[in-house]
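J.: test case, fold it:
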Amino acid sequence: MMHRRLRRQLDESIGEEGESSPQLRKLFDRIEKEYRRADDDRASLQRALGLLSDVLRRQPDAARRPSTSPKGHAVLRLFEQAPFAALLCDVDRKVTAWNAAAERLFGIPPADAVGRELSMLIFPDTDADRAEARNELRELLESPETLQSLRVTPTRAGAPRMCEWTVVPLQDRKGREAGNAALVQEADPLRDRYALAWQASGDGIWDWDLERDRLWLSDSWRAIVGAAGDGDAPSQWLDRVHPADRDAVQAAIDAHIEGGSPRFESEHRLRHEDGSWRWVLARGQATRGANGKAARFSGSMMDVTEPKSTASRVLNDALTQLPNRAHFLELVDRSLAHGRRREGYRSAVLFVDLDRFKSVNEGLGHAAGDELLVKLGGRLQTCLREGDVLARPGGDEFTILLDDVKEAGETELVAERIHQALAQPFDVAGHQVFATASIGIAVSAPTYARAEDLLQDADAAMYRAKAQGGARSAAFDAALRERAPQLVELEADLRRALLRDEFRVHYLPIVDVATGRIQGLEALIRWAHPKLGLVSPEQFVPLAEETGLIVPIGQWLLAQAGKDFRSCRGEGASGQLTLNVNLSARQLQHPALLEQIDGVLAEHGLDPQDLVVELTETTLQQGNGTLARIGELRERGVRLYMDDFGIGSSSLSSLFRFNLDSLKIDRSLFTGGSPRGQAPELVRTIVAAARETGTHVVAEGVETAEQFGFLREVGCAAAQGFYFSPPVDGTMARSLLARAAGW
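T.: From the prediction side, this is the model:
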């Protein structure tokens, strides 16, 4: 029965050998030749299948007789005796031929198979999974092209097996659809062994059928995110990707599938079932057809959340996707090696460290801190030249490798571009955040044998920039190599200084220019280090600011200065005397600041107008919360001064915005002892502009009588500097006030 049906199908499609074309007879010969070698050679069987499909597609124009030629019988033998399951079905998907191997695989004899609808024959159950499998098989049969597919298939052995289906569309001699031929065989067991090896490694594996948009995920993949094994939609992966990483992941996938990258690699975050985020490293490659179009996309995924994972060497920083420290050092080593081979080639390393980054984390939260770091990385990238490399070794630090430095000035130009780029605020968590950075620069030389040495020297130069007040650059010199390790010890000493009562307060008089009498005392912190002696604030305040120790140190200074100020009042000083205290950005934003100020004023019987808070413009630009805090201080009656006016980006606009009482002209305009200071016209302009706004002006750094006379000439209200007195301790300050000294 089966042979008669098969014979009619083949006769209609092929016809007699005598009427066949020479090309068709050659194809018959090739089929028989392939068949003789096919029993133990899977690849040959696949080629034979391709030839059979070719025969069925190449129809001769001559009429056919209903009899079957010897060559037709050869094709019948190939079909019937093939060691793989082979079957034919008509346009209605009903089985018309069923070979012995199909009976062995499925356990269904030909008599029960012929005439049955193929998808119902193979997947007879009524559950949802089988219904979906039937639909997929029907889609295969409806395709006009030869297709191969891996799918779980019921077999005679009982348990479903992974089988390879190869479906070939058939046409009659007039080119009309005549049905399909299908070959089915169990998947290569070697492939299963590879899968077992992957599973044993603990890495997740995935296989994405791009044509059908089906994603298979291994149990170990699902274990990474704690997911149950249900569904095969790509959303099982993509919907778990962190929103901040989603665009980058999709772009990497698209680039590889479209042929823009040789392989796919992405490090990103996936949401775990417990709500946490896991960092994963995914790598994969697409399988492409003859036309180059990607048909499948397969690969592995590794959990790299734990920093001690040694299964893979991750090259990029997880947050910013920039090269990490290890990767950066490799690149620097490569650059140093290149310099040893090529005479005249030099590179440089820039070490970029954010100033006061901890205040962002403490004020806005760590998520906002991460957002700032990502945006900062993007802005730094715009400052680099082609061939330069930006990396993030960790924390709030970035490193830059400058390639092929021709002149030393090139490094300063890049550093200056960075400072200019950071001048514009960042929009972070709905707030405007201003950021500055300290930059250390080290240029390569033949003496550098290791990348670590060059990076360490750039780090040392960065600490010099930070010690000078931050927001600036410093180049490395040999003396810094000895100083950098001392900073670690200095921080430890700084933490113990409060407990050991090692800090002191000195006072710098502020003199009324018109009367020559002291009108205020500026409180300045000093550190009486047990080994180093009296340490100036320039040497430890930047470090205290960076570590957060500036808050308890500032609290101590305000309390001690309030106590001393009450004593100065007891010496008969004028009631108009003010106590001036500097506050950093971190102190200004600290939640307990107002409570502490209220406590000091109450404890020592001071009025709010006795206290002057001095703030730099950089401090005033630290986000939207600053304006609110300024308003709270003003409501208490505390006076507000802008310090260090006349340098950097200082402007009168800040006076209007924050409604400040006074500005202090920076000492750099007077330092040097010239009769009228370093910039007399600028001083004259500042004083005139401030007078128009009703703002009080104090000049810092006055060193000579001539400079003091110039300030009287231009109408400056007050002054301070070594001409009047250097900073003195509390006892000497009382003596100055008791003498009612005047200038």
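J.: just name the shakiest helix or strand of the protein by mean pLDDT.
T.: Across the helices and strands of the chain, mean pLDDT, DSSP states H and E gives its lowest value to helix 2-13, namely a mean of 43.
J.: what comes into contact with stretch 491-501?
T.: For stretch 491-501, contacts defined as C-beta atoms under 8 Å, 6 or more residues apart in numbering pick out 503, 527, 529, 530, 540, 543, 544, 547, 549, 552, 553, 556. C-beta: built from backbone N, CA, C; applies to glycine.
J.: the second one - that's part of a strand, no?
T.: Yes: counting by DSSP: H, G, I helix; E, B strand; the rest coil, one finds residue 527 located in a strand.
J.: count of neighbours near the nearest residue to it once chain neighbours are set aside?
T.: Computed as C-beta to C-beta, 6 or more residues apart in numbering, the closest residue to residue 527 that is not its neighbour in sequence is residue 535, at 4.1 Å. Other residues within reach of residue 535 by the criterion other C-beta atoms under 10 Å amount to 20.
J.: now do residue 535 against residue 722, distance only.
T.: Distance, residue 535 to residue 722, using C-beta to C-beta, to the nearest Å: 20 Å.
J.: same thing with residue 345?
T.: According to C-beta to C-beta, residue 345 and residue 722 sit 49 Å apart.
J.: likewise for residue 182?
T.: With distances taken as C-beta to C-beta, residue 182 is found 99 Å from residue 722.
J.: ok, residue 205 next?
T.: Counting by C-beta to C-beta, the gap from residue 205 to residue 722 is 74 Å.
J.: before we move on, what about residue 381?
T.: For residue 381, the distance to residue 722 equals 46 Å [C-beta to C-beta].
J.: can you count the residues close to residue 523?
T.: When neighbours are counted by other C-beta under 10 Å, residue 523 registers 24.
J.: give me the nearest residue to the residue nearest to the spatial centre of the chain, chain neighbours excluded.
T.: By C-alpha atoms, centre = their mean, the chain has its centre lying nearest to residue 320, at 1.6 Å. With C-beta to C-beta, 6+ apart as the criterion, residue 320 has its nearest non-adjacent residue at 4.4 Å, and that residue is residue 377.
J.: using the three-state scheme, assign that neighbour.
T.: Quick answer, by three-state DSSP: residue 377 is helix.
J.: show me what contacts it?
T.: Applying C-beta under 8 Å, 6+ apart to residue 377 gives the contacts 320, 322, 390, 392, 398.
J.: count the residues that sit near the residue nearest to residue 667 when sequence neighbours are not counted.
T.: What sits nearest to residue 667 in space, not counting adjacent residues and going by C-beta to C-beta, 6+ apart, is residue 701, at 2.7 Å. For residue 701, the neighbour count with other C-beta under 10 Å is 21.
J.: give the buried residues for the strand or helix carrying residue 358.
T.: In this assignment (DSSP states H and E), residue 358 forms part of helix 357-364. Within helix 357-364, the residues that qualify as buried are 357, 358, 359, 360, 362, 363, 364, counting by 16 or more other C-beta atoms under 10 Å.
J.: so for it, what's the average pLDDT?
T.: Taken as a whole, helix 357-364 carries a mean pLDDT of 79.
J.: how about residues contacting it?
T.: Applying C-beta under 8 Å, 6+ apart, the external contacts of helix 357-364 come out as 368-369, 372, 395-396, 428-429, 431, 433, 435, 546-548, 585-586, 589, 622-623, 625.
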